[in-house]
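Q: Just to be clear, the model below is a prediction. Sequence and coordinates:
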Amino acid sequence: MAISFTAQYKKIKLLKSAAIKTWIESVITKEKRKTGNIHFIFVSDEELLKMNMQFLKHDTYTDIITFDYCEGKTINGDIFISIDRVKENAIKFKTEFNDELHRVMIHGVLHLCGYKDKTKKDAALIRKMENYSLNKRPF
């Protein structure tokens with residue numbers, strides 16, 4: 001079982017990758033789940049747009065698409081993240097790039113743990129859990 005990171009677009013240097021993995025595992029454990037194989041793939045806006053249209057039939061840019069391969073309580077999935085979108089959102093929300101990247105990463109993990117964001121109530125809950133998780137980062 002492993003958490004892995006792949007950059008398909010530009011060179012992205014993920015700072016403190018070992019600490020990030022430990023943090024993600026702690027969030028999964030808190031949700032009473034087990035860490036399986038979770039692969040984060042960092043891509044461009046254009047690549048994620050193509051995926052959004054192909055798999056979700058949405059012709060819009062997005063920061064993340066999560067593919068859920070969970071088996072029971074074991075968390076498995078591919079999490080595609082647009083680095084372009086993360087950069088733009090960091091500026092828009094006046095936050096550091098790494099903080100926004102971590103927010104998006106944990107958002108994908110929370111989806112794999114069963115959280116949704118399609119309704120206002122669900123979106124508020126997942127945002128609350130993102131904030132809680134970000135505040136628990138050991139780095």
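A: Yep, it's here.
Q: Which strand or helix spans the most centrally placed residue in the chain?
A: Nearest to the geometric centre of the chain sits residue 105, at 2.5 Å (Cα atoms, centre = their mean). Using DSSP states H and E, residue 105 falls within helix 97-112.
Q: Equivalent analysis for residue 80, please.
A: Taking DSSP H and E as the definition, residue 80 sits inside strand 74-82.
Q: Check which residues of that strand are buried.
A: 75, 76, 77, 78, 79, 80, 81, 82 (16 or more other Cβ atoms under 10 Å). The way it works is simple: take the backbone N, C-alpha and C, and place the C-beta from them, glycine included.
Q: What of stretch 118-131?
A: 126, 129, 130.
Q: Columns distance to residue 14, secondary structure and pLDDT on top of these, output as JSON lines?
A: Below are those laid out as JSON lines (distance: Cβ to Cβ, whole Å; DSSP: H, G, I helix; E, B strand; the rest coil; pLDDT from 0 to 100):
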{"residue": "126", "distance to residue 14": "23", "secondary structure": "helix", "pLDDT": "98"}
{"residue": "129", "distance to residue 14": "22", "secondary structure": "helix", "pLDDT": "98"}
{"residue": "130", "distance to residue 14": "18", "secondary structure": "helix", "pLDDT": "98"}
